[in-house]
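Visitor: what's the 3D shape of this:
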Amino acid sequence: MPTFTRQEFFQLVRGLHEFDPLQAKLGFGIAPNLLGVWFDDTLRYADAKNFWDENAIPKNVIVTINSKINVKGSNYDDFLQRMKGLCITEDTLIGNREKYVTELLGKAISGALRNELAGNVEPLGNYFHGAPSAAKVEWRQLGHMKYEKVLPPQREKALAWVTKDVAGDASVYGNLLDAYVTKDGSLPLDEKIVTNIWRTIAKRDPNMRLYRSTPYGAAVPYPSVVGGAYLIKKIFGLTKNVTFPPRGSSKWEDWAVFYFGSIMAVQGFTDGNKRTARTAYAIVMLSGNVEFRAPTNNFGAQLAKMG
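Guide: Take a look at the predicted model:
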């Protein structure tokens, strides 16, 4: 009866040819994190006698340094195929999302994303219902009558959209905007900042998952949280040398949409990816000093590419 400790499991999977592309892609620093996620998740698939069973209903387990995966000899070939399948699936999903992010980048550079946004703007009244604190007043003449139209400041519009579906105290989102919006035309985001945004959001969600494994055998288009984290790093590697337009240029909309769609698509965090992406979108729009225009839910779903 084969039995695998965490380290023995690592050695087994590392010895598979199917793992080689992942090892090369993720590097020796990140690959062990993926193996750890797979080990913890595999422990959940066990029968009543604690033997691995790929058809078992996954259960919650407490993982310790003494945890072991027990495999019946008759199921070993199936177990090995499962591990090979995880390798192939993760590598394929990372590759697909990486290709998609590159395509989005090309559309951002060409200006196509702001054109798409122009046809998919959420009406202000759908998410902003409060009275602006520092209103901009526009006067218009209609015959002999004069009236005023009060528009909310850009920050208030952005915050209202970001927090539209947030339950409870949403003040933390305002703090994030204030902390990361830039005034000098520089890129306001990087891998560390986006991760800090997510951590701030995650602290407020007691239901946040601890990890997300490779969706083996499921119709899910994105990789594990480890593959997603690799892709978050990839996003900012692709844009670190980009020259951003002057503040006030509509080209900032391209970059806001790019980061919004990319962060959602790669699913770099266990949960809260959409909230993180919306916050990032608002930060880029405000940093660009352009009129805040929120994308519709349908456009967001299209950018996330979950179908």
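Visitor: quick one: buried residues of stretch 210-229?
Guide: Within stretch 210-229, the residues scored as buried using 16 or more other Cβ atoms under 10 Å are 212-216, 221-229. The way it works is simple: take the backbone N, C-alpha and C, and place the C-beta from them, glycine included.
Visitor: sorry, that was for stretch 161-176
Guide: Trp161, Val162, Thr163, Lys164, Val172, Tyr173, Leu176.
Visitor: ok, back up a step: between all of the buried residues of stretch 210-229, which two are separated the most?
Guide: Greatest spacing in the buried residues of stretch 210-229, by Cβ to Cβ: Tyr216 and Ala229 (18.6 Å).
Visitor: Just to check, Met83 is in contact with Arg14?
Guide: No - look at Met83 against Arg14 with Cβ atoms under 8 Å: they stay out of range, at 10.5 Å.
Visitor: The two: who's more crowded?
Guide: The neighbour comparison of Met83 against Arg14 (other Cβ atoms under 10 Å) goes to Met83, with 19 against 14.
Visitor: Return the residues in contact with that one.
Guide: Contact analysis of Met83 by Cβ atoms under 8 Å, 6 or more residues apart in numbering lists Leu12, Val13, Leu16, Trp38.
Visitor: helix, strand or coil for it?
Guide: helix (DSSP: H, G, I helix; E, B strand; the rest coil).
Visitor: quick one: it and Pro223, what's the gap?
Guide: 16 Å (Cβ to Cβ, to the nearest Å).
Visitor: And for Leu113?
Guide: From Leu113 to Pro223 the distance is 24 Å (Cβ to Cβ).
Visitor: got it, and Ile263?
Guide: 14 Å.
Visitor: and what of Pro2?
Guide: Computed as Cβ to Cβ, the Pro2 to Pro223 distance reads 27 Å.
Visitor: List the contacts of the residue nearest to Pro2 when sequence neighbours are not counted.
Guide: Sequence neighbours aside, Val71 is the residue nearest to Pro2 in space, at 4.6 Å (criterion: Cβ to Cβ, 6 or more residues apart in numbering). Neighbouring residues of Val71 by Cβ under 8 Å, 6+ apart: Met1, Pro2, Thr3, Phe4, Phe51, Trp52, Phe79.
Visitor: Sort out for me which of the residues you listed are in helices.
Guide: Phe79 (DSSP state H).
Visitor: Just the buried subset of the contacts of Val71, written out for PyMOL, thanks.
Guide: A single PyMOL command is used to select the members of these judged buried by 16+ other Cβ under 10 Å:
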select buried, resi 4+51+52+79
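Visitor: Can you give me the domain assignment for the chain?
Guide: For the chain, automatic domain parsing gives the domain ranges 3-89, 99-304.
Visitor: what mean pLDDT would you report for the first one?
Guide: If you average the pLDDT over domain 3-89, you get 95.
Visitor: lowest-pLDDT helix or strand in the chain?
Guide: Least confident element among the helices and strands of the chain, by mean pLDDT, DSSP states H and E: strand 136-142 (a mean of 44).
Visitor: Not counting its neighbours along the chain, what's nearest Leu238?
Guide: Nearest one to Leu238, counting by Cβ to Cβ, 6+ apart, is Leu105 at 5.6 Å.
Visitor: May I see the buried residues of the helix or strand where that neighbour lies?
Guide: Secondary structure from DSSP states H and E places Leu105 in helix 76-110. Using 16+ other Cβ under 10 Å as the test for burial, helix 76-110 gives 79, 82-83, 86-91, 93-94, 97-98, 100-101, 104-105, 107-108.
Visitor: all helices for the protein, in order.
Guide: For the chain, the helices defined by DSSP H cover 6-14, 20-26, 31-42, 76-110, 112-118, 154-162, 171-180, 191-202, 225-239, 251-266, 273-287, 297-304.
Visitor: Figure out which of those is closest to Ser67.
Guide: Closest to Ser67 of the helices of the chain, according to Cβ to Cβ: helix 6-14, at 7.0 Å.
Visitor: That closest one - contacts with which helices or strands?
Guide: For helix 6-14, the elements it packs on are helix 31-42, helix 76-110, judged by 3 or more Cβ pairs under 8 Å, 6 or more residues apart in numbering; DSSP states H and E.
Visitor: Kindly export the shortest one (C-alpha atoms) in CSV.
Guide: Looking back up the chat, that one is helix 31-42. Extracted in CSV, the C-alpha atoms of helix 31-42 (Å, rounded to 0.1, in the frame of the first residue of the first chain):
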residue,chain,number,x,y,z
ALA,A,31,6.6,25.3,-7.8
PRO,A,32,6.7,23.9,-4.3
ASN,A,33,3.7,26.1,-3.4
LEU,A,34,1.7,24.4,-6.1
LEU,A,35,2.8,20.9,-4.9
GLY,A,36,1.7,21.9,-1.4
VAL,A,37,-1.7,22.9,-2.6
TRP,A,38,-2.1,19.6,-4.5
PHE,A,39,-1.0,17.6,-1.4
ASP,A,40,-3.5,19.4,0.9
ASP,A,41,-6.3,19.1,-1.6
THR,A,42,-5.6,15.4,-2.4
